[in-house]
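Q: Got a predicted model here, sequence first, then my questions.
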Amino acid sequence: MASPVEDIKSRLNAAEVIGRDVRLQRSGRYLKGLCPFHQEKTPSFFVFGDRGTFRCFGCGEGGDLFTYVMRRDGSSFPDALRLLAGEAGVELRAQDRDPEADRQRRSTRAALEEAANLMHRLLREAREAAAVRAYLDERGVSKEMLAAFRLGFAPARGSPVTTHLRQLGTDAEALSATGLVRDDDGPPRDYFFNRLIFPISERRGAVIGFGARALGDATPKYLNSRESDTFRKGNHLYGFNLAADSIRREREAVLVEGYMDAIAAHQFGFANTVASMGTALTHEQGRLLAGSGAQRIVLALDADTAGAAATRRGVDVLRDAGRDAADAEVDFRGLIRHEARLSIDIAVVELPAGEDPDSVIRADSARWRSLLEAAVPLADYYFRWALEEHDVSSIVGRRRAVADLTPVITEINEPAVRAHYYERLSHVSGVPVEELRRAAPRRQRRIGAAPAAASQPVDRVEEGLLELVLQAPPEAAGAVAGLKASNVSDPSLRYVIEALARNAGDPSSNSWEMVLEGLDDQSREQVEAVHARVAGLPALEGDAFRSALEVTLLRLRERRILEELREVGAMDDGAAAAARSRELGAQKRSVEMAMRELSVLTHGPTA
């Protein structure tokens, strides 16, 4: 019996689905067009309809229909599975879950929606909300934005939310889970009083929590609903549900700090704007942005001292989230090198002193557009910061500036741009360019003895990678963290491996059930079988584990190269195909050389 993933692939025509976004033209047996994932003038994006795959020979993106939808929408595998299953007419069977937990989850979500609707209605209609309506008018918030963001009002007296939800039959557990009710020193009552309410929604628009601004002198000025299984403020971006389509269409996301900043941006046509909700950008928020489909992310945080510090932290978070491990380069000694490259462009808006995005946009939206267009590129921002932070007239200052700037330069994708910044750093530091290049950070690991798993059949290699991630010892968390499974062809395995790798070294955030939650039943059974198999395997520690991981990644890379060589062979673009074929041939020879070296390391030289 075919799995839902296989069923979906058999029912949907990849060329037809991709052709809705990309204008495809016949090229021999296949179709080609301009790549939707990078800017190009000459088509290098191919769709192989007979295999249901795509490949861009310009930027290297490729995979199956699930990969395409995830990359296009910036979505997870479970989201892509649900979307494509609906389009293909494939029914996804509900997984075996606790019915009571499901009921409680639905009750909590329904209560949050009811609370948002009630507080929105109070803002629009209640007599006691007249002052807050006047405040919003004074701030220039339009009725359209008031409705789109579902702004609300919590009165100074009474507990209308608690009363309303209890009248609807919401039980005590669901009431508590909403984060809107307190019962710490008395009967249940509303958590928010005399505040302007900002509902916070997940990507698909469901309300998961609330932000609230005090209307009087109450402290704190901003307050959030209590965190729970439903709501983790640091996992979400305000306005992302309204901005997602625009971000994907424009290939650009703008990050601001506050609720009102985001609302003003949307009101004046900058619908690709989201807010971090007044806190330093978290790694989870950075991953949301990096996976949003944006090729450029612009930070536009406040210009005060705290805002400058938040910008620096935010840039670092986005560098981490947008850093892709390049394809492994294997040298003749058996060393696998991973050079980090950024998959997104990052820029920083320089706001005038004393102003924030809200004030700038409402005063002159054309000026705001100019500020976005003139945003300082990542490398320039770091150069400016490093030269302010370090005294480059001293040896110590120059050494520190080099240490801060070489990792940033190394991450730049375009060789010509990278060369420019090496020249610039050389001028500032007095260190020759070649010395700077040699000093650029690279992670190197020597491959040791081949593990026993290396003798597994080729069709077990992908499951073998999952086995390794599942049994990673704590001391190897760094080797697993951020692991990219781009060479794994099975989308469900790829999803599980990357979900586990993202949280390596942090078991509390690595709930096995949460990882499996988005899978269909057959994929879940496959993954759980691997999990059970790992429980019976002897533990791998230290160098043995790292060696096994490197070998498995190398084998997956070899398979991907062979697959891409077959795809290149089907192209009718002579010059482009020949160039890519030569490049792949060189990579294949490097992998083969490393494999021979592994054999020597494991078995010794042959006679």
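A: Cool, the structure landed.
Q: for the stretch 401-550 of the chain, what spans make up the strands?
A: 443-446 (DSSP state E, counting those that start in this stretch).
Q: what kind of secondary structure is residue 247 in?
A: Counting by DSSP: H, G, I helix; E, B strand; the rest coil, the backbone at residue 247 sits in helix.
Q: Let me see the contact set for it.
A: 74, 253, 272, 274, 292, 293, 294 (C-beta atoms under 8 Å, 6 or more residues apart in numbering). All C-beta atoms are positioned from the backbone trio N, CA, C, and that covers glycine.
Q: For residue 293, see how far away it is.
A: Distance of residue 247 to residue 293, given as C-beta to C-beta, to the nearest Å: 6 Å.
Q: what do you get for residue 545?
A: For residue 545 relative to residue 293 (C-beta to C-beta), the value is 35 Å.
Q: What part of the protein, helix or strand, is modelled with the least confidence?
A: strand 443-446 (a mean of 32; mean pLDDT, DSSP states H and E).
Q: which SS state does residue 203 fall under?
A: Secondary structure of residue 203, per three-state DSSP, is coil.
Q: Hmm, residue 241 and it touching each other?
A: Yes - contact criterion C-beta atoms under 8 Å: residue 203 and residue 241 qualify, at 5.6 Å.
Q: who's more crowded, residue 545 and residue 293?
A: Taking neighbours as other C-beta atoms under 10 Å, residue 545 and residue 293 compare with residue 293 leading, 23 against 20.
Q: Give the full set of residues in contact with the most centrally placed residue in the chain.
A: Taking C-alpha atoms, centre = their mean, the centroid of the chain lies closest to residue 287, which sits 2.8 Å from it. Contact analysis of residue 287 by C-beta under 8 Å, 6+ apart lists 321, 502.
Q: host element of it?
A: In the assignment (DSSP states H and E), residue 287 maps to helix 283-290.
Q: Not counting its own residues, what contacts the helix or strand that that helix is followed by?
A: Going down the chain from helix 283-290, the next helix or strand is strand 296-299, by DSSP H and E. Residues outside strand 296-299 that contact it (C-beta under 8 Å, 6+ apart) are 251-255, 289-290, 311, 314-315, 318, 322, 344-349, 372, 375.
Q: Residue 525 - how many residues pack around it?
A: 11.
Q: This structure - how does it break down into domains?
A: 4-88, 109-229, 231-374, 375-446, 452-603 (automatic domain parsing).
Q: Make CSV out of the ones you listed and add distance to residue 102.
A: Formatted as CSV, the domains of the chain follow (distance: least, C-beta to C-beta, whole Å):
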stretch, distance to residue 102
domain 4-88, 16
domain 109-229, 11
domain 231-374, 18
domain 375-446, 43
domain 452-603, 11
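Q: Tell me which of these is the most buried.
A: Of the domains of the chain, the one with the most neighbours on average (mean count of other C-beta atoms under 10 Å) is domain 231-374, at a mean of 20.
Q: Quick one: distance of that domain to the chain centre.
A: 12 Å (C-alpha atoms, centre = their mean, to the nearest Å).
Q: ok, now stretch 139-157?
A: 30 Å.
Q: what about it, average pLDDT?
A: Stretch 139-157 shows a mean pLDDT of 96.
Q: List the neighbours of that stretch that are in contact with it.
A: 116, 118-120, 122-124, 126, 128-129, 132, 136, 161, 190, 192-199, 207, 210, 212, 239, 242, 260, 263-264, 266-267, 358, 362.
Q: Alpha carbons only: can I get that stretch in PDB?
A: Taking Å, rounded to 0.1, in the frame of the first residue of the first chain, the C-alpha atoms of stretch 139-157 are listed here in PDB:
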ATOM      1  CA  ARG A 139      -2.200  57.500  16.300                       C
ATOM      2  CA  GLY A 140      -3.700  57.400  12.800                       C
ATOM      3  CA  VAL A 141      -4.800  53.700  12.900                       C
ATOM      4  CA  SER A 142      -7.400  53.200  10.100                       C
ATOM      5  CA  LYS A 143     -10.600  51.200  10.600                       C
ATOM      6  CA  GLU A 144      -9.300  48.700   8.000                       C
ATOM      7  CA  MET A 145      -6.200  48.100  10.100                       C
ATOM      8  CA  LEU A 146      -8.200  47.900  13.300                       C
ATOM      9  CA  ALA A 147     -10.200  45.100  11.700                       C
ATOM     10  CA  ALA A 148      -7.300  43.300   9.900                       C
ATOM     11  CA  PHE A 149      -5.300  43.100  13.100                       C
ATOM     12  CA  ARG A 150      -8.400  42.400  15.200                       C
ATOM     13  CA  LEU A 151      -7.400  45.000  17.800                       C
ATOM     14  CA  GLY A 152      -9.400  44.700  21.100                       C
ATOM     15  CA  PHE A 153     -10.100  46.300  24.400                       C
ATOM     16  CA  ALA A 154     -10.000  45.000  28.000                       C
ATOM     17  CA  PRO A 155     -12.200  47.200  30.300                       C
ATOM     18  CA  ALA A 156     -11.000  48.600  33.600                       C
ATOM     19  CA  ARG A 157     -13.800  46.900  35.500                       C
END
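Q: what's the pLDDT at residue 136?
A: Per the predicted model, pLDDT is 96 at residue 136.
Q: helices and strands around the helix or strand it falls within, which ones?
A: Using DSSP H and E, residue 136 sits in helix 130-138. Secondary structure elements in contact with helix 130-138, counted by 3 or more C-beta pairs under 8 Å, 6 or more residues apart in numbering; DSSP states H and E, are helix 99-125, strand 195-201.
Q: who's in contact with it?
A: Looking at what lies outside helix 130-138 - C-beta under 8 Å, 6+ apart - the contacts are 123, 124, 146, 151, 153, 196, 215.
Q: what does stretch 235-242 give?
A: Counting by C-beta under 8 Å, 6+ apart, 148-149, 198, 200-205, 208-209, 211, 255, 259, 262-263, 266, 271, 273-277, 282, 284-285, 288-289, 292 sit against stretch 235-242.
Q: export it as PDB, just CAs?
A: C-alpha atoms of stretch 235-242 as PDB (Å, rounded to 0.1, in the frame of the first residue of the first chain):
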ATOM      1  CA  ASN A 235       8.300  31.400  18.700                       C
ATOM      2  CA  HIS A 236       6.100  33.900  16.800                       C
ATOM      3  CA  LEU A 237       6.200  37.100  14.800                       C
ATOM      4  CA  TYR A 238       3.400  39.700  15.100                       C
ATOM      5  CA  GLY A 239       1.600  40.100  11.800                       C
ATOM      6  CA  PHE A 240       3.300  37.100  10.100                       C
ATOM      7  CA  ASN A 241      -0.100  35.700   9.100                       C
ATOM      8  CA  LEU A 242      -0.900  38.900   7.300                       C
END
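Q: Could you give the average pLDDT over that stretch?
A: 93.
Q: Could you shift the numbering so residue one becomes 39, and keep it that way?
A: That works, and once the first residue is 39, the last one we named lands at stretch 273-280.
Q: For the stretch 539-645 of the chain, give me the ranges with low pLDDT.
A: Low-confidence segments of the stretch 539-645 of the chain, defined by pLDDT under 70: 541-553, 555-556, 558-560, 570-571, 573-577, 581, 608-615, 633-645.
Q: just the helices in the stretch 39-188 of the chain please.
A: 42-49, 52-57, 103-111, 115-126, 137-163, 168-176, 181-186 (DSSP state H, counting those that start in this stretch).
Q: Show me the contact partners of the third one.
A: Yep, that's helix 103-111 we're talking about. So helix 103-111 is contacted by 43, 46-47, 50, 52, 55-56, 59, 74-75, 90, 92, 99, 101, 113-115, 117-119, 121-122, 282, 286, 331, 529 (C-beta under 8 Å, 6+ apart).
Q: ok, 6 Å please
A: 52, 56, 90, 92, 118, 529 (C-beta atoms under 6 Å, 6 or more residues apart in numbering).
Q: May I see those residues organised as TSV, with distance to residue 507 and pLDDT added?
A: What follows is the contacts of helix 103-111, written out as TSV (distance: C-beta to C-beta, whole Å; pLDDT from 0 to 100):
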residue	distance to residue 507	pLDDT
52	29	90
56	30	91
90	27	88
92	26	89
118	21	85
529	16	80
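Q: Now compare those residues and name the two farthest from each other.
A: 56 and 529 (15.7 Å; C-beta to C-beta).
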